[in-house]
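Participant: Prediction below, plus the sequence it came from.
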Amino acid sequence: MGSFAGHVLPGGMLLFLGLWWGIKFSMFQLTQKNKNRKWQLISRSNQRRLEIFEGFILIVFASVGVVSMQIAGAKVPLYDNTENHWSDMMNLQHCTIFMFFELAGAMTLLVHTTEAVPLALDRLVLGLAFLNKGLLISYHIHGQMMVDVTVHQLLVYIIYVDALILFLEVFHRGNITLELMRSTVSIVQGSWYWQIGFVLCPQGPQWDLSNHSNMMFVVMFFSWHLMFALLFTGLVYCTVSCVHPNKHQWTSPMEMGLLEKIPKSEDEG
């Protein structure tokens, strides 16, 4: 991933997943709140189909990542006997990251297509995939320049938050707050991948990676990414709420007062 395209690919995948989770969990929440089955936005069977589709998408995305890492120049043999060290470790670590997400996708398919696997395992394995990702990326920054270290540290922090949210979902499945937080954090993670590409592999003038002001700017810019992701997730939830066919009858307090008075006036008559 030492190129601009190498950061755009995983970033685009995570942006898609973050948007997908925001829409999906909003629909699930509004469906659960609407007790009238006739007007439910999405049925139970369709919810299960969406989970299966998500598992399939995870496998496809991760497989594309593994193949792209191999095309990018994975070397064989892996061990350089002349220099006495492992070769091409960056590509190998990224392949490992993608393979964990393939495992998470496969577990999602098993959970939602069979009854033999505990339901919480899809969240648990996906959380482990993010935890493994954060662990591997945290060792990419050894010996790098100050701005390079900072942008990757911020990425690792947000990856660990994603993993923590998924571990909490193992015990609190269906909690809309945790689910929308996962959507938000994944969007931040995806957009920050793109930002790293612009900082480390710019198409125009190069950044001074040893400048302290540049380091302060990228930290501030990260907070902007978080703010816009929060606003975007809120907009997604509001949009889904607006298109949701809510057929609940709502009666204003003034109408309730009139309804309470009508039987009384009739009795007096």
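Facilitator: Yep, it's here.
Participant: And the residue nearest the centre of this structure?
Facilitator: Ser186 (2.9 Å; C-alpha atoms, centre = their mean).
Participant: The closest residue to that one other than its chain neighbours: which element?
Facilitator: Among residues not flanking Ser186 along the chain, Gly18 sits closest, at 3.5 Å (C-beta to C-beta, 6 or more residues apart in numbering). All C-beta atoms are positioned from the backbone trio N, CA, C, and that covers glycine. Assigned by DSSP states H and E, Gly18 belongs to helix 4-33.
Participant: Buried residues of that helix, list them for me.
Facilitator: Residues 4, 6-11, 13-15, 17-31 are the ones in helix 4-33 that count as buried (16 or more other C-beta atoms under 10 Å).
Participant: and whichever strand or helix holds Leu231, what other elements does it pack with?
Facilitator: Using DSSP H and E, Leu231 sits in helix 212-243. Applying 3 or more C-beta pairs under 8 Å, 6 or more residues apart in numbering; DSSP states H and E, one finds that helix 212-243 contacts helix 4-33, helix 146-171, helix 176-200.
Participant: what's the average pLDDT for the second one?
Facilitator: For helix 146-171, mean pLDDT is 94.
Participant: One more: the last one?
Facilitator: Computed over helix 176-200, the mean pLDDT rounds to 93.
Participant: cool, stretch 101-116 as well?
Facilitator: Averaged across stretch 101-116, pLDDT comes to 92.
Participant: now that stretch, how far from the centre of its chain.
Facilitator: Its chain's C-alpha centre lies 18 Å from the corresponding centre of stretch 101-116 when counted by C-alpha atoms, centre = their mean, to the nearest Å.
Participant: For that stretch, which outside residues touch it?
Facilitator: Contact partners of stretch 101-116, identified using C-beta atoms under 8 Å, 6 or more residues apart in numbering, comprise 48, 51-52, 54-63, 65-66, 117-119, 121-122, 125-126, 128-129.
Participant: Name the residues of it that are buried.
Facilitator: Buried, per 16+ other C-beta under 10 Å, within stretch 101-116: Phe101, Glu102, Leu103, Ala104, Gly105, Ala106, Met107, Thr108, Leu109, Val111, His112.
Participant: and the third one, how far is that from Ile97?
Facilitator: Counting by C-beta to C-beta, to the nearest Å, the gap between Leu103 and Ile97 amounts to 11 Å.
Participant: any shared contact partners between the two?
Facilitator: By C-beta under 8 Å, 6+ apart, Leu103 and Ile97 have these common neighbours: Ala129.
Participant: next one: phi and psi at Leu209?
Facilitator: Backbone torsions of Leu209, given as degrees, to the nearest 10, read phi -80, psi -10.
Participant: these two touch, right, it and Val151?
Facilitator: No. Checked against C-beta atoms under 8 Å, the pair Leu209 and Val151 is beyond contact range at 9.4 Å.
Participant: Which one's more surrounded, those two?
Facilitator: Using other C-beta atoms under 10 Å, the more surrounded residue of Leu209 and Val151 is Val151, with 25 against 17.
Participant: isn't that one right up against Val218?
Facilitator: Yes. In this structure, Val151 is within contact of Val218 by C-beta under 8 Å, at 5.5 Å.
Participant: any common contacting residues for the two?
Facilitator: Gln195, Val199.
Participant: tell me the angle of whichever helix or strand Asp122 is part of relative to helix 146-171?
Facilitator: Here Asp122, judged by DSSP H and E, is contained in helix 121-138. Inter-element angle recorded for helix 121-138 and helix 146-171: 160 degrees (by axes from the mean of the first three to the mean of the last three C-alpha atoms, to 10 degrees).
Participant: what's helix 121-138 in contact with?
Facilitator: Outside helix 121-138, the residues within contact range by C-beta under 8 Å, 6+ apart are 51, 55, 58, 93, 96-97, 100-101, 103-104, 107-108, 110-112, 152-153, 155-156, 159-160, 162-167, 169-170, 173.
Participant: make it 7 Å
Facilitator: Applying C-beta atoms under 7 Å, 6 or more residues apart in numbering, the contact partners of helix 121-138 are 93, 96-97, 100-101, 103-104, 107-108, 111, 152, 155-156, 159-160, 162-163, 166-167, 169-170, 173.
Participant: among the residues you listed, which ones are buried?
Facilitator: 93, 97, 100-101, 103-104, 107-108, 111, 152, 155-156, 159-160, 162-163, 166-167, 169-170.
Participant: Understood, closing this out.
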